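[1] generate a structure from the sequence data that follows.
(4 chains)
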Number of protein chains: 2
Amino acid sequence: MESDSDCPAFAYAPAKVACSSCNLRELCLPVGFSPQEFERLDELVATRRSVRRGDTLFRRGEPFHGVYAVRTGFFKTCSSSEEGREQVTGFQMAGELLGFDGMSDSVHSCDAVALEDSQVCVIPYARLEELAREFTSLQRQFHRVMSREIVREHGVMMLLSSMRAEERLAAFLSNLAQRLEARGFSASALLLRMSREEIGTYLGLSLETVSRCFSRLHEQGVLEVQQRNIRILDPAALKKLVAGVSV
Amino acid sequence: MESDSDCPAFAYAPAKVACSSCNLRELCLPVGFSPQEFERLDELVATRRSVRRGDTLFRRGEPFHGVYAVRTGFFKTCSSSEEGREQVTGFQMAGELLGFDGMSDSVHSCDAVALEDSQVCVIPYARLEELAREFTSLQRQFHRVMSREIVREHGVMMLLSSMRAEERLAAFLSNLAQRLEARGFSASALLLRMSREEIGTYLGLSLETVSRCFSRLHEQGVLEVQQRNIRILDPAALKKLVAGVSV
DNA sequence: CGTTTGCTTGACAGCATTCAACGTTGGTGG
DNA sequence: CCACCAACGTTGAATGCTGTCAAGCAAACG
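    Next comes the predicted model:
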């Protein structure tokens, strides 16, 4: 279980971490836990791991050891088909978990790549199982988080199958802004961590179309666009675009 | 928890059911359990429920009580956006579970509709939690099934964002055939339980396009199509279409 | 300062949607 | 038993959105 040593690309920070003192505890796994539950949880999340921009946290085909909570930084997860085409399945920011794909057959089925220098909390699955067994709120919260991932993907499926390009980008930006706001950042000024191509692969569009949509939303006065610096000038218009599917 | 009585559309069959004697035990939740584990499991899955064609097993907004295992029949799950557009997120057949969407905030976020007269095993969440706590293989298997759902959805996302219409339909049919084969049915002769529109909503296509693709695959000699009776004449060609994304 | 990478924009072609008409099937009631 | 109706499926023609190819531009990096 601890045989991560064959991954020389990663730097390890064995420093002690405590969920109880983490400023992400309202967003991450231990939502709504009691103080003594928090203490028990610190047994579970014992180590951090640093991943440099461009490196992978895990990779398709690697054995599944556990899940990871993003502490700082930004990730993308992408499944690639046998024939090369790559699909970004999600972007994860602080407080969000990744790695659930590996539980189905003990092998990861997608790659997790850091889009900036990042740090994650390592949650070994064996210990998570144990602790979830004696600790109802952890069990339930873990299920809740996995369920939320399923529901999120339903939303992506709807986006991919029924929205036009501009609506997809609007939905993407709205979602990003909302998640940033929940973390205390500005909901209007965002610095994108991902390229146009990565956005396109996530939204089912070519990078050119993504770029064109940015320009169009800029012309419409909804956004201010300067490369990866985006300012949302008219959040209401953005939301309206998202909702406006076949109205 | 047991307040299902406000749903007059459902017929209840309180007959005793045993996982240990179910012919789906190799496909459903209790994969790889020991005989004594099977006995304990029968405490969990105590009741069945019948759902007539067209009726819902659960509906968006209804409180979450538990998950369901399809015993006989066929279901679709669909999330609908506020503005009316509906997205079929999956089709479930015997041995497959549904209802995971409700764990995220104790309310179902999509509808489950029977596409033919069906019977499900009711798995109350409270009891599932309990039993999973004292019963490692159940805990692990449950996680595995949820993870598999996440991975499946990754596949759908890839399909939606990078395949052309004909490839999508080929992928859909291949998948269906494979699942039917795993249940002892013919992998070549399928009777579709869903309409062209439902297929289209699942695959992100209009019903006309679905129909046209059926015709085209028929012309190519890959399928025999008679309404909902499909015969796969050339499974290899079908698989090749799926794999052939951007080759 | 030059090179590389990422982003923008234009032109054009192609695939899928939309609108519309017609055919088919199965159920209902005369 | 047949006629009718409604739901579903098929097919055609035209529009339009998005992908592809290509060129030019901006920013980042060594």
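[2] so is stretch A:148-164 next to DNA strand D?
    Yes. Using CB under 7 Å from any atom of the strand, stretch A:148-164 reaches DNA strand D at residue A:164. Quick note: C-beta positions are derived from backbone N, CA and C, even for glycine.
[3] and what about the residue nearest the centre of chain A, helix, strand or coil?
    Central residue of chain A (CA atoms, centre = their mean): residue A:92, 1.4 Å from the mean position. In three-state terms, and counting by DSSP: H, G, I helix; E, B strand; the rest coil, residue A:92 is strand.
[4] my guess is it meets residue A:75, correct?
    Yes. Residue A:92 is in contact with residue A:75 according to CB atoms under 8 Å; the separation is 4.4 Å.
[5] so does the lengthiest helix in chain A get close to DNA strand C?
    Counting by DSSP state H, the longest helix found in chain A is helix A:136-162. No. Counting by CB under 7 Å from any atom of the strand, no contacts exist between helix A:136-162 and DNA strand C, the nearest distance being 8.0 Å.
[6] can you tell me what sits against the next helix or strand after that helix?
    Downstream of helix A:136-162, the first helix or strand assigned by DSSP states H and E is helix A:165-182. Taking contacts as CB atoms under 8 Å, 6 or more residues apart in numbering or on different chains, the residues outside helix A:165-182 that touch it are A:27, A:91, A:93, A:159-160, A:163, A:186-188, A:190, A:192, A:199, A:202-205, A:209-210, A:212-214, A:216-217, A:222-223, A:230, A:232, A:235, A:238-239, A:241-242, A:244-245.
[7] do stretch A:141-148 as well
    For stretch A:141-148, with CB under 8 Å, 6+ apart as the criterion, the contacting residues are A:29-33, A:97, A:100, A:128, A:132, B:100-105, B:143, B:146-147, B:150.
[8] using PDB, write out every CA atom in that stretch.
    C-alpha atoms of stretch A:141-148 as PDB (Å, rounded to 0.1, in the frame of the first residue of the first chain):
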ATOM      1  CA  GLN A 141     -19.900  11.800   4.200                       C
ATOM      2  CA  PHE A 142     -17.700   9.700   2.000                       C
ATOM      3  CA  HIS A 143     -20.800   8.300   0.200                       C
ATOM      4  CA  ARG A 144     -22.100  11.700  -0.100                       C
ATOM      5  CA  VAL A 145     -19.000  13.000  -1.800                       C
ATOM      6  CA  MET A 146     -19.000  10.100  -4.300                       C
ATOM      7  CA  SER A 147     -22.700  10.600  -5.000                       C
ATOM      8  CA  ARG A 148     -22.000  14.300  -5.600                       C
END
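[9] ok, and what's touching stretch A:188-201?
    Residues from elsewhere that reach stretch A:188-201 (CB under 8 Å, 6+ apart): A:74, A:76, A:78, A:86-88, A:91, A:115-116, A:169, A:172-173, A:176-177, A:180, A:202, A:205-207, A:209-211, A:214, A:228-233, A:235, B:161.
[10] how long is that stretch from one end to the other?
    Across stretch A:188-201, the terminal residues are separated by 24 Å (CA to CA, to the nearest Å).
[11] buried sites along that stretch?
    In terms of neighbour count (16 or more other CB atoms under 10 Å in any protein chain shown), stretch A:188-201 has its buried residues at A:188, A:190, A:192-194, A:196-201.
[12] same deal with stretch A:71-79?
    A:71, A:73-79.
[13] now, the residues you listed that are in strands?
    A:71, A:74-79 (DSSP state E).
[14] nearest to DNA strand D, of those?
    residue A:74 (15.4 Å; CB to the nearest atom of the strand).
[15] which bits of chain A sit near DNA strand D?
    Checking chain A against DNA strand D by CB under 7 Å from any atom of the strand, the hits are A:164-166, A:204-206, A:208-209, A:227.
[16] any of those buried? List them.
    Buried members of those, scored by 16+ other CB under 10 Å, are A:165-166, A:204-205, A:209.
[17] how about these in CSV, adding distance to residue B:21?
    Conversion of those to CSV gives the following (distance: CB to CB, whole Å):
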residue, distance to residue B:21
A:165, 53
A:166, 55
A:204, 45
A:205, 51
A:209, 55
